[in-house]
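Novice: Quick one, fold the following:
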Amino acid sequence: MITKTIVNSWNEWDPLKHVIVGRADGTCIPAPEPALDAKVPEDSDMRGQFGPRTKDTVDKANQLLDDFSNMLH
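Specialist: The predicted model follows:
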């Protein structure tokens, strides 16, 4: 039997009890569309590209996530 974990958020002022930090594995740059134009800076490496991110960028992102997770301990 699989039990489900319920995560509740009552308000933005209560102290956090748990934080879930994900991984960057399998992430992609979204395909160009008008809704993204305002969100992607003109000088971004993402502009004009889409599809899976390079291993180098995924590794850098995972390192940043690991560092962030370690700060939370």
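
Novice: What strand or helix carries residue 64?
Specialist: Remark: residue 64 resides in helix 55-72, with elements defined by DSSP states H and E.

Novice: what mean pLDDT would you report for that helix?
Specialist: The average pLDDT within helix 55-72 is 95.

Novice: helices and strands around it, which ones?
Specialist: With contacts defined as 3 or more CB pairs under 8 Å, 6 or more residues apart in numbering; DSSP states H and E, helix 55-72 has no helix or strand neighbours. C-beta: built from backbone N, CA, C; applies to glycine.

Novice: Any buried residues in it, and which?
Specialist: The neighbour-count criterion (16 or more other CB atoms under 10 Å) identifies 58, 61 as the buried residues of helix 55-72.

Novice: Give me the contact list for it.
Specialist: Here helix 55-72 makes contact (CB atoms under 8 Å, 6 or more residues apart in numbering) with 19, 21-25, 27, 53.

Novice: mind running it again at 10 Å?
Specialist: Surrounding helix 55-72, the residues in contact under the criterion CB atoms under 10 Å, 6 or more residues apart in numbering are 16, 19-27, 29, 45-46, 52-54.

Novice: Please save the CA atoms from it in CSV.
Specialist: Written as CSV, here are the backbone C-alpha positions of helix 55-72 (Å, rounded to 0.1, in the frame of the first residue of the first chain):
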residue,chain,number,x,y,z
LYS,A,55,25.3,18.6,-19.4
ASP,A,56,27.5,21.5,-18.3
THR,A,57,24.6,23.8,-17.4
VAL,A,58,22.7,20.9,-15.7
ASP,A,59,25.9,20.1,-13.6
LYS,A,60,26.3,23.8,-12.7
ALA,A,61,22.6,24.1,-11.7
ASN,A,62,22.8,20.9,-9.6
GLN,A,63,25.9,22.2,-7.8
LEU,A,64,24.0,25.4,-7.0
LEU,A,65,21.0,23.4,-5.8
ASP,A,66,23.3,21.3,-3.6
ASP,A,67,24.9,24.4,-2.2
PHE,A,68,21.5,25.9,-1.4
SER,A,69,20.4,22.7,0.2
ASN,A,70,23.5,22.7,2.4
MET,A,71,22.8,26.3,3.5
LEU,A,72,19.4,25.2,4.7
